[in-house]
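**Student:** Sequence below, structure please.
(chains A and B)
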Amino acid sequence: MKELIKKDFLLLSKNKSELIELLLTPFLLICILGFALGNLMNNSAENTIETTIVGFVNDQNDETVKADFEAKLDEENVTDLEYQQLLEASSELDPVFHLKQLFEQEEIKELFHLKAFESIDSAQKALENDEIGGIIHVPDQFSLSVLNSTLFGEELKTELNVMTQDPNQIRSITLTSVLDSFINEYNFQTSIVPFAGDTTIDDTSRYGGTLTVSTEEPISAFQYYTLGMGVFYALSISTIIANRSFREKETHVFARIMISNQSPLSYLMSKMVSSSLIAFMQLSLLFGLSNLVFGIFSGRPSSFWLDIALITAIYSLLIGSITSLLTSISLYGNEIKIVNFFGSFTAVLAFLGGSFTPTENFSDLIKTIGDWTPNGATLTSYLQLLMGFEIQEILPLLARVIGMSIVSLTVAVLLFPKRRLD
Amino acid sequence: MLEVREISKSFKKTVAVDHLSMYIEKGESVGLLGPNGAGKSTTISMISTLLPPDNGTIEYKNINILKNASTIRPVLGVVPQEIALYEELSAYENMRFFGKIYGLKGTALNRKVDEVLKLVGLTERRKEPVKNYSGGMKRRINLAVALLHDPEVLIMDEPTVGIDPQSRNHILDTIRKLNVEHNLTILYTSHYMDEVEKLCDRIYIMDNGKIVASGTNEELKSLLSNEETVEIEVKTKKVEFAEVLKKHPDVNQLYETTKGYRLIVSKRDELLVDIFRQAALHEVTVTGIQVKEPTLEDVFLHLTGRKLRD
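**Tutor:** Below is the predicted model:
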């Protein structure tokens, strides 16, 4: 099998047009798209990380809230033990306390800085003068209303008010998004309190889980298109190698190899391994070159590089499996159409997978389909890693890529002709 | 040494090979002669263990190779009709690759590659990509690759199709040399009867998937021992004249040639007189006439009613 793999590399090295297609074309596209769309992506990225001052108006008095809650407990028919537990819960569940804590988190502090205002009027004036980007207004009795609602199921009488200058501004959207996430998370956590039998919300980092979208690191156009073009052009390897396999059959080279007593499956595996190795080398070269020229991953720790290598290795295996599947189908049916169709279809896959433009711009359906394409799932994995996600968080997506590999390879092995070899 | 018994192969509704039997002894050179579409390549694919027959058996040294393909593959050299090479690679690179997959390595591989390149006369141009070679040179390398692992049996499927006479003679001389000097067992398919006549000790004639005759060159020609071939050249061909000849009781077959007619006739001295008489009657000017011994082509015509190159 080693000789079959070496031969595939030798053939690739002799074919200039294939080398251009695999290396030069994607790199040129990275340059063109990176420069052309760089400003657009970079500007939005800069806006995202600019710190915005947010006015904070708290109309409620903490002592009054506490006293009112104790009075409420006196009214309710509760035991002494329950009285104590509910009193402790009230301080631990105080939404304003948690809201302030949220804005103390490092990731949020990079985006927003809270500035206290005595009254809503003064805050509104500052907002009009563009001194602040938005206002969070805590109305009187807000915490009491939330606690009564949470612990006694009463109707919520007041609500948190958020004001922004222009709701369509990125900072306004981000602020709203942060608060929405906070409220959802708070509601979720407090809704499970009675059932869990635990009245403590001590793990404030849980809020961060839902807020990662807003705290992600920005992605530059060069980063995006290096990854996008990389996963797109790696698909070409499957077409190139499967095409060559079919040519080997047509010219009876395949028969000649089989007569030399090589097993059909070792031939199929050689196609998978050589495609995987070529894909890994292609992606490594593209990433390396892009990093050298545009510094796409500069300053990243070695663990990041290892994670990138892991994703690349998994995707390369998928490319190898797709190659073996295409090889099997074309040899089984003695027909090259499927390989040519896949070759044409890679552009559609690239579009759906977000290689040309981020799938955030698409509908949810297209986004979902895109994440189920081999390149789309891999691109999302790369992007998430780049945005600061831990590899564990990306594992479900990578498991999807591995699943696709296993399915492709299994079908390839089942279909590969084992008796008719001429 | 190699025995094929009653093998058949059909593709959908087309019967490509129909209960074919043949044998080859060690050191023998056997020809498989037949027109395009006769089933020669399918037969070769089955003997080469690349295509399983629908029924029948193939034995090499009394071992069923349909069940144990690995018994024959290491000693089998196959020269396909197509140029089964990587055209982007040089002859040298091709030979090294195929040598390695046969398990050759190191100095043994280098020595064998040099030896075979010398045998086919391409040592000087071994570094050039195969795509730059002439058709004849490609065919020579196609043959050379099949010889790298010192096979005991060499199967060739029309190895001289579409090449210049010089390369053709070189290939035929090489094959003859391999058979005579190296005692290589050869199965040679062609639709060129002169090649088969020149190279083969025994010949199988095949048509429509079946063996229609077999034997040595002489044995096959003796099938037409009571017949001879008459070739007539005329100034202008006339349909009426051809019709009269066709109906003559001593004319068994008649074919038009470029310059006249070719007749397979029963041996009878008076026939020539009849031919000239009919030519005069139909105002056909005979510019030449030749009486020949029957060829394999004539045997094939006699047996199948078709020309080899139909």
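**Student:** Strands of chain B, start to end?
**Tutor:** In order along the chain, chain B carries the following strands (DSSP state E): B:2-11, B:14-24, B:29-33, B:55-60, B:63-64, B:76-79, B:153-157, B:185-190, B:202-207, B:210-215, B:227-234, B:251-256, B:260-266, B:286-292.
**Student:** Please name the strands paired to the fifth one in the sheet, noting orientation.
**Tutor:** Right, strand B:63-64. Applying DSSP bridges to the sheet, strand B:63-64 is found paired with strand B:55-60 (antiparallel).
**Student:** Tabulate the strands of chain B (a markdown table), appending mean pLDDT and mean neighbour count.
**Tutor:** Just so you know, the C-beta spots here come from the backbone N, C-alpha and C atoms, and that holds for glycine as well. Supplementary listing: the strands of chain B in a markdown table, determined by pLDDT from 0 to 100; neighbours: other CB atoms under 10 Å in any protein chain shown:
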| stretch | mean pLDDT | mean neighbour count |
| --- | --- | --- |
| strand B:2-11 | 89 | 18 |
| strand B:14-24 | 90 | 18 |
| strand B:29-33 | 89 | 26 |
| strand B:55-60 | 91 | 18 |
| strand B:63-64 | 89 | 12 |
| strand B:76-79 | 90 | 26 |
| strand B:153-157 | 90 | 24 |
| strand B:185-190 | 89 | 24 |
| strand B:202-207 | 88 | 24 |
| strand B:210-215 | 87 | 18 |
| strand B:227-234 | 87 | 19 |
| strand B:251-256 | 85 | 15 |
| strand B:260-266 | 87 | 20 |
| strand B:286-292 | 88 | 12 |
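**Student:** Out of these, the one nearest A:Phe351 is which?
**Tutor:** With CB to CB, the closest approach to A:Phe351 among the strands of chain B belongs to strand B:2-11: 41.2 Å.
**Student:** Not counting sequence-adjacent ones, nearest residue to A:Leu19?
**Tutor:** A:Leu12 (6.9 Å; CB to CB, 6 or more residues apart in numbering or on different chains).
**Student:** Now do the SS call for the one you found.
**Tutor:** The three-state label for A:Leu12, taken from DSSP: H, G, I helix; E, B strand; the rest coil, comes out as helix.
**Student:** do you know how far it is from A:Ile240?
**Tutor:** Separation of A:Leu12 from A:Ile240 (CB to CB, to the nearest Å) stands at 8 Å.
**Student:** Kindly report the same for A:Leu268.
**Tutor:** Using CB to CB, which is the criterion applied here, A:Leu268 is 16 Å from A:Ile240.
**Student:** For stretch A:128-142, which outside residues touch it?
**Tutor:** Residues lying outside stretch A:128-142 but in contact with it, judged by CB atoms under 8 Å, 6 or more residues apart in numbering or on different chains, are A:52-61, A:65, A:68, A:95-96, A:99, A:112, A:114-115, A:117, A:120, A:123-124, A:126-127, A:157-165, A:169, A:171-172, A:175, A:179.
**Student:** what about the helices in chain B?
**Tutor:** Listed in chain order, the helices of chain B (DSSP state H) span residues B:40-47, B:91-101, B:106-119, B:135-147, B:165-181, B:193-199, B:217-221, B:239-247, B:270-281, B:296-304.
**Student:** per-residue confidence at B:Glu87?
**Tutor:** Confidence per residue is given as pLDDT, and for B:Glu87 that number is 90.
**Student:** Just grab the bridge partners of A:Val57 for me.
**Tutor:** A:Val57 forms beta bridges with A:Phe117, A:His137, as assigned by DSSP bridges.
**Student:** Tally up the residues packed near it, please.
**Tutor:** Burial of A:Val57 is recorded as 20 neighbouring residues (other CB atoms under 10 Å in any protein chain shown).
**Student:** Identify the residue spatially nearest to whichever residue of the stretch 101-250 of chain A sits closest to chain B, adjacent ones excluded.
**Tutor:** Sorted by distance to chain B under CB to the nearest CB, the residues of the stretch 101-250 of chain A start with A:Glu250, at 7.7 Å. Counting by CB to CB, 6+ apart, A:Glu250 lies nearest to B:Glu82, which is 7.7 Å off, once chain neighbours are set aside.
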